[in-house]
Structure formats: C-alpha cells, structure tokens
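> quick one: sequence and predicted model below, then my questions.
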Protein chains: 2
Amino acid sequence: MKVLATQTKSERTQAAILAAAEALFAKNGYERTTLRDIAALARIDPAMIIRYFDSKDALFARVATFDLMLPDLRTVERSAIGTTLVRHFLRVWEGERGNSGLAILLRSAASNEHAAKKLRELFKSQVMPALKYAGADAYAAERAGLVASQLLGLALCRYVLKLPPAVTMSREFIVAEVGKTIQRYVAGDE
Amino acid sequence: MKVLATQTKSERTQAAILAAAEALFAKNGYERTTLRDIAALARIDPAMIIRYFDSKDALFARVATFDLMLPDLRTVERSAIGTTLVRHFLRVWEGERGNSGLAILLRSAASNEHAAKKLRELFKSQVMPALKYAGADAYAAERAGLVASQLLGLALCRYVLKLPPAVTMSREFIVAEVGKTIQRYVAGDE
C-alpha cells in the first residue's frame, strides 16, 4: 500500500469520487445516478465533485468505457466499406442498446480536456486499427482523421446540436450519402 | 419604459450581464475579458454570471455576432464550389483576423442550449441561403445539413478535440479531400 500512503488528500478524494462514480454509473446508469449519490458513497461533499471534475457529464465521460465494436474491415466487401461503417455507426449511436453514452462523451469532450483525451484515445485504440487494413498507403492516419471528422460531425449535428435537417434525415439517406464519403476517405478514389 | 418596469429582478440582472459582456468582449476581446470585469460593470456578484449563463464561453457565445461571410455561390464556377467553400471555411476558422470566436461558439454549443440555439440560427440564416442556389432540388435542407456535418466535424476534430491527424493535415490536403465531399453534397453526383 505504499502508493496509497504517498497520495495527497486531494488525490485520495479524486480516487474515491472516481471509484464511487464508476460503481454507481455501472449499476444504475447515467440518468438515475446523481452527484449527491456519488458524493454520499465517496463520503465527500458534492461540491468537491464539481471542483475536481466539472460536471456529471464530464465525470461520466471519465469513468465510462466505450467499445465501438467496429467490424473487421478485412472481411467486408471492398466496395461496401463506406455503407457498412455508416450503418454500424448509426446502430451504435442510436443503439439497439439505448446507448446515449457516446453522445455524453462527445458533448463533454468539447469543453472538458479529460473527456477530450478519452475521445482521442478511443480514436487511437479503436478507429485507427480498424481502418488500417482498409486502405492502401502512407495516409492511414489522415484517412482515419477524415473519417472521424465526418462521423463525429454527423453525431454532433444529429445528437448534440440537433440541427433540423441532420435530425430528420432518414437512416437510409445517411447510409447512402455519408456512405459514399466514408468509402472515398477509407479506400480512395477508385 | 413600460417593458423595463415589468421586468423581474432576475431579468434585469441578466440584461445587465449581457450588456456588460457585449461591451467588454467587443472592446477587449475574449481573452482579456474576465467574469470579474463583467460583474463589476454590471454591478453584480460574479457568481450570478455562472448561475445564469454557465461559463465565460457560453456568455461569449450568447453575445458575440458571427458573420461567416459566405461567398455568393452563383458567381462561383460550378465544379469549384466544394474547394471554394472549404478554402473559405479554413480562412474563417484559422482567420487572417485571428478569429477564435467560432471555436468558442462550437465548444460552448455542445453543452449549452443557448449557444446551440445560436449555432442553429447561424445555420438557418447564413448557411442555408448560401447553399440554396448551388444545387438542384427538393433536398436543399438535407444537402445543407450534410455540408454542416462535414465542416463542423472538421472544426470539432481540428480546433476543439485536437485529434492528431486532423490537426496536422495541411490546408491544401483538406481543401482537396474535403472539397470533393462538399462538392458532392452541394451539387450532387455529376
């Protein structure tokens, strides 16, 4: 327990908040977990959570784990990569599993550096490797960056900003139109 | 002055904060304006600003005016619409005028409904009319939504989340690659 012994009081408080948040979000979900519950479990004042972590959104983004479950693109027919990725993206965001976690992460990442870091890590650990095998070449990182810019932009407009045309577009329209864009970004002009 | 007379105390406080913020942001810019300055000018406690407006970012997004200065696409050669729009977009965001205002608006809009509303209004009053004449058809709103999803996504990745490949891409790479996407969204497959 040497590590614990050398923690400062502030570090111990933050660790207690993170542990309590992780346990309660996992058990009760985002909506039914309050900052008051987390503070009670961590045995600290609720104001400390805001002080160290900004907001409930940012705390959730910090402790939640996100598995994008990206398909192995080596098994997807080459010309169908774009539509496959967009269909998958819509399923994950509008989830059969009712998962609003990604929208919370995105909303939070725009103003909280910890959440932004988590999103960058998600990109590096899940998006980059998935796209690596899909296209030729030295531009793998740039291609992945372009894919992220289009898909995160769609998520931003549709789920966070709620821009009218982005909200009302049908899934099939998005799959067709954005699918062509993703296809070109991943596989190049062919 | 009947309107003023019927304002509640809370409305008067908010109006005083907005007036002070507008004056100071305009005079001193975003960075050199503090919440303390705004509170002093409005003769209120700085805590009231957070209570009514969330944050300095959100307050700025509320009072700043944004002119995207979009080109008249009727005067642009049809095949060059995509690259023209992307070049313009980069100039505005990375501005000759050193304008970080749009990045602050975007960051703030992700978590603050007033800022999100402002962004939706900007889309409706400036982006929609500019694109209206560019493409054929009944899908003008959807086309504008697709354009917004790609350009705001690029701004999100490059200026707000600072996703490595989106940050390091050259302007020319972006103009070429994203230009093709915007061209297709605006003018259709031709």
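Cool, got the structure.
> could you find the closest non-adjacent residue to the residue in chain A that chain B sits nearest to?
Going by Cβ to the nearest Cβ, chain B is nearest to A:G153 of chain A, at 1.7 Å. Any C-beta I mention is one placed from the backbone N, CA and C, and that applies to glycine too. The shortest distance from A:G153 to any non-neighbouring residue, by Cβ to Cβ, 6 or more residues apart in numbering or on different chains, is to B:G153 (1.7 Å).
> A:F89 now?
Spatial nearest neighbour of A:F89, chain neighbours left out: A:L151 (5.4 Å); criterion: Cβ to Cβ, 6+ apart.
> after the helix or strand harbouring that neighbour, next one along is what?
A:L151 is part of helix A:140-155 when elements are defined by DSSP states H and E. Scanning forward in sequence from helix A:140-155 by DSSP H and E, the next helix or strand is helix A:164-168.
> in that following helix, what's buried?
Within helix A:164-168, the residues scored as buried using 16 or more other Cβ atoms under 10 Å in any protein chain shown are A:P164, A:P165, A:A166.
> what does the pLDDT read for the first one?
pLDDT for A:P164: 95.
> what about it, distance to B:E121?
Note on A:P164: its distance to B:E121, by Cβ to Cβ, to the nearest Å, is 11 Å.
> what do you get for the second one?
A:P165 sits 14 Å away from B:E121, taking Cβ to Cβ as the criterion.
> then A:C157?
14 Å.
> list the buried residues for the helix or strand hosting A:Y52?
If you go by DSSP H and E, A:Y52 is part of helix A:46-53. Neighbour-count burial for helix A:46-53 flags A:M48, A:I49, A:F53 (criterion: 16+ other Cβ under 10 Å).
> contact partners of the helix holding A:L151?
A:85-86, A:89, A:93, A:102-103, A:106, A:123, A:127-128, A:131-132, A:135, A:166, A:174, A:178, A:181-182, A:185-186, B:148-154, B:156-158, B:161, B:163-166, B:169, B:173, B:177-178, B:181 (Cβ atoms under 8 Å, 6 or more residues apart in numbering or on different chains).
> surely A:A20 is in contact with A:P46?
No: assessed by Cβ atoms under 8 Å, A:A20 is found out of contact with A:P46, at 11.4 Å.
> name the residues contacting each of these two.
Going by Cβ under 8 Å, 6+ apart, residues that sit against A:A20 and also against A:P46 are A:I38, A:A39.
> list the helices and strands the longest helix anywhere in chain A packs on?
As assigned by DSSP state H, the longest helix anywhere in chain A is helix A:9-28. In this structure, helix A:9-28 packs against helix A:35-42, helix A:46-53, helix A:56-63, with contacts taken as 3 or more Cβ pairs under 8 Å, 6 or more residues apart in numbering or on different chains; DSSP states H and E.
> near chain B, anything from the last one?
Yes: against chain B, helix A:56-63 shows contacts by Cβ under 8 Å from any Cβ of the partner chain at A:D57.
> now the angle from that helix to helix A:9-28?
90 degrees (axes from the mean of the first three to the mean of the last three Cα atoms, to 10 degrees).
> hang on, the earlier thing: near chain B, list only the ones from the buried residues of helix A:46-53.
Okay, of those, nothing touches chain B (Cβ under 8 Å from any Cβ).
> tabulate those residues (a markdown table), appending pLDDT.
A markdown table is the format used below for the buried residues of helix A:46-53 (pLDDT from 0 to 100):
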| residue | pLDDT |
| --- | --- |
| A:M48 | 94 |
| A:I49 | 95 |
| A:F53 | 93 |
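> residues in contact with the closest residue to A:R36 other than its chain neighbours?
Distances taken as Cβ to Cβ, 6+ apart put A:P46 closest to A:R36, at 5.6 Å, once the chain neighbours are dropped. Listed by Cβ under 8 Å, 6+ apart, the contact set of A:P46 reads A:L35, A:R36, A:I38, A:A39.
> quick check: the gap between the residue of chain A closest to chain B and B:A42.
A:G153 sits at a distance of 36 Å from B:A42 (criterion: Cβ to Cβ).
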